[in-house]
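Asks: got a structure for you, letters missing:
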């Protein structure tokens, strides 16, 4: 099955899309990673939401964050793929599309992420470069990385 993408601002999301996004984020970030944190951080309303669908099933998602909301640069956050859809290369196509959509929506410029350190090699393979020291976020080691056009 060929995956499809949808990109919407918060106000354009349907109730079903919002539910699917929040469910997937909770499934991975709260349940799978065993991390109790407040996912709804009042940034979603100012972001764009990239959804990767396999038929009717949401299998991947990223939050596209405008300049100045999380960092000086635009950002990609809440990167997640469904555990049931892993091993199909969706993480790579999700990030490649997210980079492209950030540039289309916000303009050409650098993109910053807060990467979990176990995924450092994956993000580096997409052109992201680590900056600064590692830090703990909700019990998981992270490092900031920047992609430059």
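Replies: Perfect, I can see it now. Predicted model only: the values in this text are computed from it and were never measured. Residues are numbered from 1 along each chain as shown.
Asks: switch to C-alpha atoms for all contacts and neighbour counts from now on
Replies: Will do.
Asks: can you pull the buried residues of the strand or helix carrying residue 102?
Replies: Here residue 102 sits within helix 90-106, counting by DSSP states H and E. For helix 90-106, the neighbour count (16 or more other CA atoms under 10 Å) marks 90, 91, 94, 95, 97, 98, 99, 101, 102, 103 as buried.
Asks: can you pull out the helices in this structure?
Replies: All helices of the chain, identified by DSSP state H, fall at 15-25, 90-106, 120-125.
Asks: so which of the ones you listed gets nearest residue 80?
Replies: Nearest to residue 80 among the helices of the chain is helix 15-25; the distance by CA to CA comes to 6.8 Å.
Asks: Check the offset of the closest one from the chain's centre.
Replies: 14 Å (CA atoms, centre = their mean, to the nearest Å).
Asks: Let me know how buried the residue nearest to residue 140 when sequence neighbours are not counted is, in neighbour terms.
Replies: Nearest residue to residue 140, sequence neighbours excluded (CA to CA, 6 or more residues apart in numbering): residue 116, at 6.9 Å. Residues contacting residue 116 under the criterion other CA atoms under 10 Å number 17.
Asks: got the contact list for residue 116?
Replies: Contact analysis of residue 116 by CA atoms under 8 Å, 6 or more residues apart in numbering lists 140, 141, 142, 143.
Asks: So the first one versus residue 117, what's the distance?
Replies: With distances defined as CA to CA, to the nearest Å, the gap from residue 140 to residue 117 amounts to 8 Å.
Asks: Could you do the third one as well?
Replies: Taking CA to CA as the criterion, residue 142 is separated from residue 117 by 5 Å.
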